[in-house]
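Chemist: 3D model of this:
(2 chains)
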Amino acid sequence: MATGQSVTSFDPRLVRADTPALARIINGRPITYLDSAASSLPPRPVIDAMSRHYERQHANVHRGVYQTANESTQSYEGAREAIARFIHAPDGAEEIVFTKNATESFNLLAKSWGAKNLGVGDVVLLSVMEHHANIVPWFQLRDAVGIEVRFIPVGDDYRLDLSNIEELMKGVRLVSVTAMSNVLGTVTPLQELARIAHEHGALIAVDAAQLVGHAPSNVVDLDVDFFMFSAHKMLGPTGLGVLWTRRDILAEMPPFLGGGGMIADVSTSGYVPAKGPTRFEAGTPPIAEAAGLSAAVTFLEGLGMQNIAQHDRDLTRDALARIDDEFGGRVRIIGPRDTEQRGGVISMDVEGVHAHDVAQVLDQFGVCVRPGHHCAKPLMKRFNLTATARASFGPYSLVSDTDVLIEALNDAVKLFG
Amino acid sequence: MSNLEDLYREVILDHYRSPRNRGELETPPAHRVEGFNPLCGDEVTAYLLVDDGVLTDIKMTGHGCSISQSSSSLMSAAVKGKPIEQVRALITTFKKLMTVHESSIESTDSAPLQDVRSLGELAALQGVVKFPVRIKCATLAWNTLNQGLDELDATP
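Modeler: Numbers count the residues shown, from 1 in each chain, chains lettered A, B, ... in the order given. The predicted model follows:
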């Protein structure tokens, strides 16, 4: 296994060759997968790691004493260590909780930490560019315990408007924001927000779903308190998410779901929850998926997260310029033009053509983009949109993908005249 | 690319670009009913004026994809001025069309075919069934109209 300190080498063509799903032919053309912001495509080593787990060592984790049960447990706990290393968790694997996905991580945060620590008069500060996963659990908590949910506005430059942040921070106990908008591609100033939150005695939680697969993640450098993401957006499998928080915070958080695996003791009079991350992992966890996630971390480390970030910037800069050249104002980009502090997500509003029709025409060319509100309805409303067609890059994306995108967009524009 | 031409027939694009019966009616006497497609954000609002068992006028507003909006326009043109029983029957026929599988449209089974012929311009929407995720776009206006008629029925 690579240690993460090894020399990195990045060639998107090699990543592509290692990604079996990119060999598909769709409507007679090679697939052009531009939906990595929704879910990334796993490379062969990730798929192999999961197959190997089922073929050689599958058994339930923890408690078993036979050899394959030990191997299965080691593999599962090894994934915790891999993730701790990947995001630079200061106290290692003891701070990594596995969930179903980033959405469940937010629900865990709201229903465990939030319900224990927040009440009437306390404010959770979100931003208008949040995914519903970082909005709805807070409204549910509001309805349950009477907190206030407040939003940082988004400016016309598609970035967070912090001009009134001192006023907004009044009564705030938790700032919970995305690291990168899944619609705009905007990268938020997390270090600045963390400083502001901490100056006001609040904690800061981060939706890192769009960040972890695309740029280096260092929870110590960012100085954040909670960090949530999904494995399937970082070349890993579906069904597995992560919540990181500092060990001292985790130790004080009450359990989330109840059941086997999360207890220290159960009797007919009650239960005592386990200590550490397993307290939040009731029932048989996604074991094979954890093996896949370990392989994804190793794969990403081998590519180098800085290299992936640079690749995203190069592709985005090229695509934004060419969409402008080709379509002028006919295809409007909903997101920042500056490729610094911006990821490889390109939301498009095609004049006179609804996003679903755009995506339908693109499908005929084997081009996979996502139409709709991208689970960010407050943001869509902010910009008077009901839907955009969103193209997003992964480490296997090439400039030739943008060629096909533009060819297909031309057809959509022509069809709807 | 034949598939795409099945979906985006010229009639559909025409109704999308120049929707018929677009606008609002005064409420009352008209009845207003809204329909949403929460997954894709399509919206239609129907204004229904019913007099003596006849849908004497209908206006539609809304926004969404070409399929949802052209279906709304085609529907308004097809039902305007019709007795309510005929409108209800047309809703039933149209929704059946949207559940008929491609193979049975092309088969010799004549029942669905007769239904399709009776639909006139609306038959242009039959290509939608080959694109299952778009069926809900095509049926949105019809479900909204049906709900509006139900609400009128329930009004004393």
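Chemist: so what's the nearest residue to residue A:91 once chain neighbours are set aside scoring on pLDDT?
Modeler: Of all residues not flanking residue A:91 in the chain, residue A:247 sits nearest, at 4.5 Å (Cβ to Cβ, 6 or more residues apart in numbering or on different chains). Using the backbone N, CA and C atoms, a C-beta is placed for each residue, glycine as well. With respect to pLDDT, residue A:247 has a value of 96.
Chemist: Enumerate the residues of the stretch 301-417 of chain A near chain B.
Modeler: Applying Cβ under 8 Å from any Cβ of the partner chain, one finds that the stretch 301-417 of chain A approaches chain B through A:353-357, A:360-361, A:364, A:371-373, A:380, A:386-387, A:415-417.
Chemist: Let me know whether residue B:94 touches residue B:142 as I believe.
Modeler: Yes: counting by Cβ atoms under 8 Å, a contact exists between residue B:94 and residue B:142, whose distance comes to 5.6 Å.
Chemist: list the residues that contact both of the two?
Modeler: Taking Cβ atoms under 8 Å, 6 or more residues apart in numbering or on different chains as the contact rule, residue B:94 and residue B:142 both touch residue B:75.
Chemist: hang on, the earlier thing: ChimeraX command for the buried members of the residues of the stretch 301-417 of chain A next to chain B?
Modeler: The buried residues among these can be selected in ChimeraX (16 or more other Cβ atoms under 10 Å in any protein chain shown) with this line:
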select /A:353,354,355,356,357,360,361,364,371,372,373,380,386,387,415,416
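Chemist: Which of the residues of the stretch 301-417 of chain A next to chain B fall in strands?
Modeler: If you go by DSSP state E, these have A:371, A:372 in strands.
Chemist: Please name the residues that touch the residue nearest to residue A:91.
Modeler: Residue A:247 makes contact with A:91, A:94, A:95 under the criterion Cβ under 8 Å, 6+ apart.
Chemist: ok, so of these, who is nearest chain B?
Modeler: For the contacts of residue A:247, the residue nearest chain B by Cβ to the nearest Cβ is residue A:95; the value is 36.5 Å.
Chemist: Identify the residue nearest the closest one in space, chain neighbours excluded?
Modeler: Among residues not flanking residue A:95 along the chain, residue A:89 sits closest, at 4.6 Å (Cβ to Cβ, 6+ apart).
Chemist: Could you check how many residues crowd around residue A:389?
Modeler: 30 (other Cβ atoms under 10 Å in any protein chain shown).
Chemist: and it, what helix or strand is that in?
Modeler: Using DSSP states H and E, residue A:389 maps to strand A:388-392.
Chemist: cool, and residue A:347?
Modeler: Short version, using DSSP H and E: residue A:347 is in strand A:345-350.
Chemist: dump the residue contacts of residue A:354.
Modeler: Neighbour list for residue A:354: A:371, A:387, B:64, B:65, B:66 [criterion: Cβ under 8 Å, 6+ apart].
Chemist: let's go with 6 Å and repeat that
Modeler: Residue A:354 sits next to residue B:65 when contact means Cβ atoms under 6 Å, 6 or more residues apart in numbering or on different chains.
Chemist: And the contacts of the strand holding residue A:389?
Modeler: Defining contact as Cβ under 6 Å, 6+ apart, one finds that strand A:388-392 is touched by A:34, A:36-37, A:334, A:344-349, A:355, A:358-359, A:369-371, A:405.
Chemist: what's the angle from it to strand A:345-350?
Modeler: 150 degrees (axes from the mean of the first three to the mean of the last three Cα atoms, to 10 degrees).
Chemist: re the thing from before, show me the contacts of residue A:247 that map onto strands.
Modeler: Per DSSP E, the subset of the contacts of residue A:247 in strands is empty.
Chemist: Distance to residue A:396 and pLDDT added to these, as a markdown table?
Modeler: Below are these laid out as a markdown table (distance: Cβ to Cβ, whole Å; pLDDT from 0 to 100):
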| residue | distance to residue A:396 | pLDDT |
| --- | --- | --- |
| A:91 | 34 | 97 |
| A:94 | 34 | 97 |
| A:95 | 31 | 98 |
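Chemist: Tell me the buried residues within those residues.
Modeler: Neighbour-count burial (16+ other Cβ under 10 Å) applied to the contacts of residue A:247 gives A:94, A:95.
Chemist: Would you mind listing the buried residues in the longest helix along chain B?
Modeler: Counting by DSSP state H, the longest helix found in chain B is helix B:135-154. By neighbour count on 16+ other Cβ under 10 Å, the buried set for helix B:135-154 is B:135-146, B:148-149.
Chemist: Same question for stretch A:265-280.
Modeler: For stretch A:265-280, a neighbour-count test (16+ other Cβ under 10 Å) marks A:273, A:274, A:276, A:277, A:278, A:279, A:280 as buried.
Chemist: what sits up against that stretch?
Modeler: A:94, A:96, A:97, A:255, A:256, A:262, A:263, A:264.
Chemist: Closest one of those to residue A:175?
Modeler: The closest of the contacts of stretch A:265-280 to residue A:175 turns out to be residue A:97 (Cβ to Cβ; 20.2 Å).
Chemist: pLDDT of the helix or strand harbouring that closest one, averaged?
Modeler: Secondary structure assignment for residue A:97, by DSSP H and E: strand A:96-99. The average pLDDT for strand A:96-99 rounds to 98.
Chemist: what pairs with that strand, and is each one parallel or antiparallel?
Modeler: If you go by DSSP bridges, strand A:96-99 pairs up with strand A:241-245 (antiparallel).
Chemist: Can you list the buried residues in the next helix or strand along the chain from the partner strand?
Modeler: Counting by DSSP H and E, the element after strand A:241-245 in chain order, helix or strand, is helix A:247-251. Neighbour-count burial for helix A:247-251, counted by 16+ other Cβ under 10 Å, picks out residue A:250.
Chemist: circling back: return the strand holding residue A:389 as PDB; C-alpha atoms alone will do.
Modeler: Provided in PDB are the C-alpha atoms of strand A:388-392 (Å, rounded to 0.1, in the frame of the first residue of the first chain):
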ATOM      1  CA  THR A 388     -29.300  24.600 -14.900                       C
ATOM      2  CA  ALA A 389     -27.400  22.000 -17.000                       C
ATOM      3  CA  ARG A 390     -24.300  21.200 -15.100                       C
ATOM      4  CA  ALA A 391     -21.100  19.700 -16.400                       C
ATOM      5  CA  SER A 392     -18.400  18.700 -14.000                       C
END
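Chemist: Now the terminal residues of stretch A:367-380, how far apart.
Modeler: Length of stretch A:367-380, first residue to last, Cα to Cα, to the nearest Å: 23 Å.
Chemist: ignore the last one, stretch A:336-346
Modeler: Chord length of stretch A:336-346, first to last residue, is 9 Å (Cα to Cα).
Chemist: List the contacts of it.
Modeler: Residues contacting stretch A:336-346 (Cβ under 6 Å, 6+ apart): A:37, A:158, A:180, A:185-187, A:214, A:312-313, A:315-317, A:319, A:391-393.
Chemist: Restricted to helices, list those.
Modeler: Short answer: the contacts of stretch A:336-346 in helices (DSSP H) are A:312, A:313, A:315, A:316, A:317, A:319.
Chemist: which of those count as buried?
Modeler: Buried members of those, counted by 16+ other Cβ under 10 Å: A:312, A:313, A:315, A:316, A:317, A:319.
Chemist: ok, the contacts of stretch A:265-280 vs chain B, which is closest?
Modeler: Here the nearest of these to chain B, counting by Cβ to the nearest Cβ, is residue A:256; it sits at 27.5 Å.
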